[in-house]
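Undergrad: Sequence plus the predicted model coming up.
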Amino acid sequence: MSVPAHLSLVTLGVTDLARSVAFYEALGWHQSSASEGTIAFFSLGGTNLALYGVEALADDALQSAQGGGFRGVTLAINALSVEGVDRMLASFVAAGATVVKVPQEAEWGGYSGYVADPDGHLWELAYNPYSPEWAAPGSE
């Protein structure tokens, strides 16, 4: 049996669940009714995002919660235009994100920048003219 090529859930370990929920709600994202006191879920149109305490997440994975710096993972939202990237960046910053890399023309022919959420999770905001099917609905 092969493993289906499908991503169901991305869980981010957070230090302050209420702060992180407020951040993502400030982007206009809505919690799922499956959310409860220690975990919050957001539907991202085919994939789901969960926010869970970093210590509890590390314990669940039998890992140490200690460490920092680059985690070797980024999350991405593609827009349908350069202007869409700039609008998303403004929304992330207004919600409390930190700009890590100002959007700019990329060597691969697109336009891309990075922001960090309150726990330092990196989000790439990009326009890829070669893959418009990857763009988020409403990201013109």
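TA: Noted; the coordinates are in hand.

Undergrad: I'd like to know how far Val82 sits from Asn128.
TA: Distance from Val82 to Asn128, counting by CB to CB, to the nearest Å: 11 Å. Where you see a C-beta, it was placed from the backbone N, CA and C, and this is true even at glycine.

Undergrad: ugh, wrong one, Gly120
TA: 24 Å.

Undergrad: More neighbours: which of those two?
TA: Asn128 (19 against 15; other CB atoms under 10 Å).

Undergrad: Let me see the mean pLDDT of the biggest strand by length in the chain.
TA: As assigned by DSSP state E, the longest strand anywhere in the chain is strand 98-105. Averaged across strand 98-105, pLDDT comes to 97.

Undergrad: same thing with stretch 71-81?
TA: 91.

Undergrad: got the buried residues for stretch 25-41?
TA: Going by neighbour count (16 or more other CB atoms under 10 Å), the buried part of stretch 25-41 is 27, 35, 40-41.

Undergrad: One more: stretch 77-91?
TA: Neighbour counts using 16+ other CB under 10 Å place 77-80, 82, 84-86, 88-89 of stretch 77-91 among the buried residues.
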